[in-house]
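A.B. asks: Any chance you could fold what I've pasted below:
(one chain, ligands or ions: 1)
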Amino acid sequence: MKPASFARTGIGTNQNTMNTREARKIYLASGNAGKLAEFRALAESAGRHWELELLPGYANHPEFEESAPTFAENAAGKAFHYSRLVDGIVFADDSGLVVPALGGAPGVLSARYAGPGACNEQRIAKLLGEMKGLAREQRGAYFVCVIAAVRGARALAIVSEKVDGEILGAPRGSGGFGYDPVFFFPPLGKTFAELQAEQKNLHSHRGKAFRRLMEVLE
Ligand code: IMP
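C.D. replies: Residues are numbered from 1 along each chain as shown. A predicted model of the protein is given here:
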């Protein structure tokens, strides 16, 4: 799987970027207020005065089915799908965990890895079960985040970032979400669930991708 294949296309320079006359207001194609808060915190910690809002009408619009085989296609597809709802910039993200020793799983299916109704603990249990007996050299993994920004029918930016780590044999830490308790980040000697939110934002796939997006759009 090559989730970053779409990345850094160079889309998003010159005529496509936001100009200084416009308010830096951009809409997140999501109904998730927690996700919005996370992106707002990322913008604030980068010192950017952007107005980030949930997309009005998101819940009433036919849902975008994230069924593509790459993060980039899902993020771009989602941004285009919802961009018709407003006359402005819409951004959408797709992210997940990739374990090369498992052929790229859970990958784009990260949220649904243990079935649609499963909880985080069940997804982690499934992952650890699949990796049982694997030596440390085979436990490498990375988180990927692709963010696409679209205005009307035009792509302004598609950025992709990743963060490398290793999958531990058992969970550690109580912060974060998803696969964080088993994602060990060697440079800090901790799992993502053992980091403060600001520390995770500094190193995470989503933090890096969003900072890159801000650079590209400015
Ligand atoms: P989505 O991008 O909101 O569809 O999230 C995909 C799934 O990937 C999440 O439900 C998590 O299971 C996993 N995931 C994405 N980013 C992270 C992260 O930063 N920590 C832990 N799990 C993550």
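A.B. asks: quick one: average confidence on stretch 134-146?
C.D. replies: Per-residue pLDDT over stretch 134-146 has a mean of 98.
A.B. asks: got the buried residues for that stretch?
C.D. replies: 139, 141-146 (16 or more other Cβ atoms under 10 Å). In this view, the C-beta of every residue, glycine as well, is placed from N, C-alpha and C.
A.B. asks: How about the residues of this protein by the ligand?
C.D. replies: For the chain, the residues in contact with the ligand (Cβ under 6 Å from any ligand atom) are 93-97, 110-111, 143, 176-180, 192, 204, 206.
A.B. asks: Nearest to the ligand, out of the buried residues of stretch 134-146: which one, please.
C.D. replies: The closest of the buried residues of stretch 134-146 to the ligand turns out to be F143 (Cβ to the nearest ligand atom; 5.5 Å).
A.B. asks: residues contacting that closest one?
C.D. replies: Counting by Cβ atoms under 8 Å, 6 or more residues apart in numbering, F143 makes contact with 95-98, 162-163, 165, 179, 183, 204-206.
A.B. asks: quick one: buried residues of stretch 191-200?
C.D. replies: Those buried within stretch 191-200 under the rule 16+ other Cβ under 10 Å are 191-195, 199-200.
A.B. asks: Buried residues, the helix or strand that contains E53. List them.
C.D. replies: Secondary structure assigned from DSSP states H and E places E53 in strand 51-54. For strand 51-54, burial by neighbour count (16+ other Cβ under 10 Å) applies to 52, 54.
A.B. asks: Kindly indicate which of the buried residues of stretch 191-200 lies nearest the ligand.
C.D. replies: When the buried residues of stretch 191-200 are compared for distance to the ligand (Cβ to the nearest ligand atom), F192 wins out at 5.8 Å.
A.B. asks: was I right about that closest one contacting G176?
C.D. replies: Yes. In this structure, F192 is within contact of G176 by Cβ atoms under 8 Å, at 5.0 Å.
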